[in-house]
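**Q** missing the sequence, but the structure's below:
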């Protein structure tokens, strides 16, 4: 039983990486659907952060991995963990939060401008 939960948690983590990368590059893509998804997705993501205080994908991954692994991995913040794995050392959560908001809303703003100029 634990094997499928671990595999499912890995899939959720991979999906989280894909969604994060999409928001990084969506405003540069040539398709209208990508620009609209970045724009509307930014608002949806912000609302769910307000309601849940953490991404629903992070919550799902925590549920699949169990409470012991959430404690072992640190604060459980997906973006902080991703930044830590990229940089090779812990990154302050406040810095990660500022960067994530800048990417999310900067990309949404750029997508809105590109949509307005079409």
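**A** Here it is on my side, so go on. The model shown is predicted, which means the values in this text are computed figures rather than measured ones.
**Q** Could you check how far the most centrally placed residue in the chain is from residue 104?
**A** Centroid-nearest residue in the chain: residue 20, 4.3 Å away (criterion: CA atoms, centre = their mean). Noted for residue 20: a distance of 10 Å to residue 104, by CB to CB, to the nearest Å. In this view, the C-beta of every residue, glycine as well, is placed from N, C-alpha and C.
**Q** before we move on, back to that, so which elements touch whichever strand or helix holds the residue nearest to the centre of the chain?
**A** Counting by DSSP states H and E, the element that carries residue 20 is helix 2-25. Applying 3 or more CB pairs under 8 Å, 6 or more residues apart in numbering; DSSP states H and E, one finds that helix 2-25 contacts helix 32-52, helix 56-65, helix 78-87, helix 93-116.
**Q** so what's the residue nearest to the centre of the chain scoring on pLDDT?
**A** We note a pLDDT of 92 for residue 20 in this prediction.
**Q** repeat for residue 14
**A** 94.
**Q** Quickly note the distance from it to residue 51.
**A** Taken as CB to CB, the span from residue 14 to residue 51 is 24 Å.
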